[in-house]
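> No sequence on hand, only this structure:
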Ligand SMILES: NC(=O)c1ccc[n+]([C@@H]2O[C@H](COP(=O)([O-])OP(=O)(O)OC[C@H]3O[C@@H](n4cnc5c(N)ncnc54)[C@H](O)[C@@H]3O)[C@@H](O)[C@H]2O)c1
């Protein structure tokens, strides 16, 4: 067994790590010492000469050099990284997988007192009010530390070592928790092979007596093996409410039937529902949770890539009418969202690839690391190459996209301000999707065409630098998205776009990419939109509409 001790500066990682390792005849590795040893200079000098970026590159290298953990039962190695190492998803993937992460937690006031007595210089704190600096670091890092076993680390060293020993007794390394965050839109838990035990924990937190799972045949076939065992092992009865697969779930008649089933099961107010499935299932189950008994709590367990990076987050629930998609719905935030990338193993290539359309949107909104990651590893993820899971690329993409959405939605739950950014690529994307009767194109595939359109409009009006637009379009090419021409009549597409316009008081608000972000414009001439849309449609289709 190997342990990773994490925590803020001053939390005692080195002292506790050394003592713990000594007790067990294990090796202690202080990663900051290793970095200094290899660089031949102290950390403040590395910061001064190479900046934080240079230090982080060195830090990644020593983490990589740790190699695979020893998974025998005895404690063999205790690793103490610097407090900021776990901010980078790549480091967390390498450090937490197969090891037991333990967070030595302490109040900033006490940590600050300790730091005053310490001879070490801490580059991220020096020159600032230490309590405020430590509070800021706590806020920024709590979701990464929160994925570890928490030990209050503020007592005498031997007592803390005792607490760590108690905390790790029986700890399992069969799954890896990468992130756990308490947010205004619910608790977010993300990892690999974690769904079963995490659902059980969340049900216990919500005081559930049984597990009422709303799912559909495709999602349940892919996930039952991982979920049923832990639920039953926890002594919970499993009640399955099965909805139709895919978009067919998003009907009011399905909601009525499912609600009747809940009534037959005598589901009471306060009893949580677990929604296991992709976006269609999550939208419907969320709407049932929003309306049954005027609202019951629910846990989202997204099982498609599109749902993990997008639809399960944000509290938009609803169903379709014959007149259009998502016309009946409600905002209802889940109590928790459990994102387990291992549930994606059997997902079809088309569903994986399509979801990348939303990921490209998130990158285009200004996440440069995500851009780079999609350019290098996107094709492998889209094709389902297991190497892209093993090297942590899938986990990082899911985390970056999901967390970006959490931040935007938490800042603007009801889409009155910044949430509109998430509509990048969606105006024409939605119109293309509608023109195909919501059957031809997956949502993400339509968004890819919409992104091309937004880039082209942005270049024409001078807000998108041509190099930026070219980079987005090249990435879509690499991912095999938004390619070729769509077979829809221009007037049909423009008609759907016009329907969208009504929702914005007569003006369609266009989200357009800038150099490293976006702007919102409501003055885009219809003639320009027509020209750009026509460029993405088959000439016959365009001509046929004249
Ligand atoms: N609420 C929101 O904010 C939001 C955002 C974007 C999209 N959406 C909605 O999401 C829906 C599309 O979601 P989707 O792309 O996840 O489609 P989906 O839910 O229809 O799932 C696609 C297919 O994957 C199968 N599947 C599910 N999990 C699987 C697994 N683990 N392994 C193998 N197959 C599995 C399903 O059975 C289905 O056939 C649309 O209805 C769209 O409107 C909602």
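That came in fine, so what should we check first? Because the structure is predicted, anything quoted here is derived from the model rather than measured. Numbers count the residues shown, from 1 in each chain.

> how close does the closest residue to residue 24 other than its chain neighbours get to residue 194?
Among residues not flanking residue 24 along the chain, residue 75 sits closest, at 4.2 Å (Cβ to Cβ, 6 or more residues apart in numbering). Quick note: C-beta positions are derived from backbone N, CA and C, even for glycine. Distance of residue 75 to residue 194, computed by Cβ to Cβ, to the nearest Å: 23 Å.

> the more surrounded of these two?
residue 194 (26 against 20; other Cβ atoms under 10 Å).

> Verify the contact between that one and residue 180 for me.
No. At 9.8 Å, residue 194 does not count as touching residue 180 under the criterion of Cβ atoms under 8 Å.

> per-residue pLDDT, the closest residue to residue 26 other than its chain neighbours?
Closest residue to residue 26 apart from its sequence neighbours, by Cβ to Cβ, 6+ apart: residue 75 at 4.7 Å. pLDDT recorded at residue 75 is 95.

> Can I take it that residue 75 is in a helix?
No. Secondary structure of residue 75 (DSSP: H, G, I helix; E, B strand; the rest coil): coil, not part of a helix.

> What parts of the stretch 401-546 of the chain come near the ligand?
residue 443 (Cβ under 6 Å from any ligand atom).

> closest point of the stretch 401-546 of the chain to the ligand, which residue?
Residue nearest to the ligand within the stretch 401-546 of the chain: residue 443 (5.1 Å; Cβ to the nearest ligand atom).

> Could you list which residues are in contact with the residue nearest to residue 24?
Residue 75 is in contact with 1-3, 20-21, 24, 26, counting by Cβ atoms under 8 Å, 6 or more residues apart in numbering.

> and the gap between it and residue 168?
Counting by Cβ to Cβ - residue 75 and residue 168 are separated by 8 Å.

> which stretches of the stretch 201-350 of the chain form helices?
217-233, 252-264, 279-291, 305-306, 349-364 (DSSP state H, counting those that start in this stretch).

> Pipe these into JSON lines and attach mean pLDDT and mean neighbour count per row.
As requested, these are exported to JSON lines (pLDDT from 0 to 100; neighbours: other Cβ atoms under 10 Å):
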{"stretch": "helix 217-233", "mean pLDDT": "98", "mean neighbour count": "17"}
{"stretch": "helix 252-264", "mean pLDDT": "98", "mean neighbour count": "15"}
{"stretch": "helix 279-291", "mean pLDDT": "98", "mean neighbour count": "26"}
{"stretch": "helix 305-306", "mean pLDDT": "98", "mean neighbour count": "27"}
{"stretch": "helix 349-364", "mean pLDDT": "97", "mean neighbour count": "24"}
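
> now these in TSV, with distance to residue 48?
Formatted as TSV, the helices of the stretch 201-350 of the chain follow (distance: least, Cβ to Cβ, whole Å):
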stretch	distance to residue 48
helix 217-233	48
helix 252-264	61
helix 279-291	48
helix 305-306	42
helix 349-364	32
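
> Redo these as a markdown table? Include distance to the ligand.
Shown next, in a markdown table, are the helices of the stretch 201-350 of the chain (distance: least, Cβ to the nearest ligand atom, whole Å):
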| stretch | distance to the ligand |
| --- | --- |
| helix 217-233 | 2 |
| helix 252-264 | 12 |
| helix 279-291 | 2 |
| helix 305-306 | 4 |
| helix 349-364 | 5 |
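
> right, so of those, which gets closest to residue 465?
Residue 465 lies closest, by Cβ to Cβ, to one member of those: helix 349-364, at 12.2 Å.

> From the contact counts, what lies against that closest one?
helix 305-306, helix 368-383, helix 393-411, helix 443-460, helix 466-479 (3 or more Cβ pairs under 8 Å, 6 or more residues apart in numbering; DSSP states H and E).

> ok so, going back, just the ones of the contacts of residue 75 in helices?
20-21, 24 (DSSP state H).

> Can you get me a residue count around the closest residue to residue 284 other than its chain neighbours?
Among residues not flanking residue 284 along the chain, residue 249 sits closest, at 4.5 Å (Cβ to Cβ, 6+ apart). By the criterion of other Cβ under 10 Å, residue 249 has 26 neighbours.

> How many neighbouring residues does residue 53 have?
So residue 53, with other Cβ under 10 Å, has 8 neighbours.

> repeat for residue 482
26.

> Thought residue 455 was touching it, still the case?
No. Proximity of residue 482 to residue 455 does not meet the contact threshold set by Cβ under 8 Å, at 10.2 Å.

> if I pick the nearest residue to residue 246 once chain neighbours are set aside, what's in contact with it?
Leaving aside its chain neighbours, residue 246 sits nearest to residue 280 (5.5 Å; criterion: Cβ to Cβ, 6+ apart). Residue 280 makes contact with 216, 246-250 under the criterion Cβ under 8 Å, 6+ apart.

> same check, this time on residue 94
63-64, 66, 392 are the contacts of residue 94 under Cβ under 8 Å, 6+ apart.

> among those residues, which two are most distant?
66 and 392 (13.9 Å).

> what about the two, which has more around it?
residue 392 (22 against 18).

> Relative to the ligand, how far out is that one?
20 Å (Cβ to the nearest ligand atom, to the nearest Å).

> Hmm, that residue is touching residue 93, no?
Yes. Using Cβ under 8 Å, residue 392 is in contact with residue 93, at 3.4 Å.

> Now the most centrally placed residue in the chain. Nearest residue, chain neighbours left out?
With distances taken as Cα atoms, centre = their mean, residue 402 lies nearest the centre of the chain, 2.4 Å away. Using Cβ to Cβ, 6+ apart and skipping the chain neighbours, the partner closest in space to residue 402 is residue 309 (5.4 Å).

> What distance do you get for the one you found to residue 422?
For residue 309, the distance to residue 422 - Cβ to Cβ - is 11 Å.
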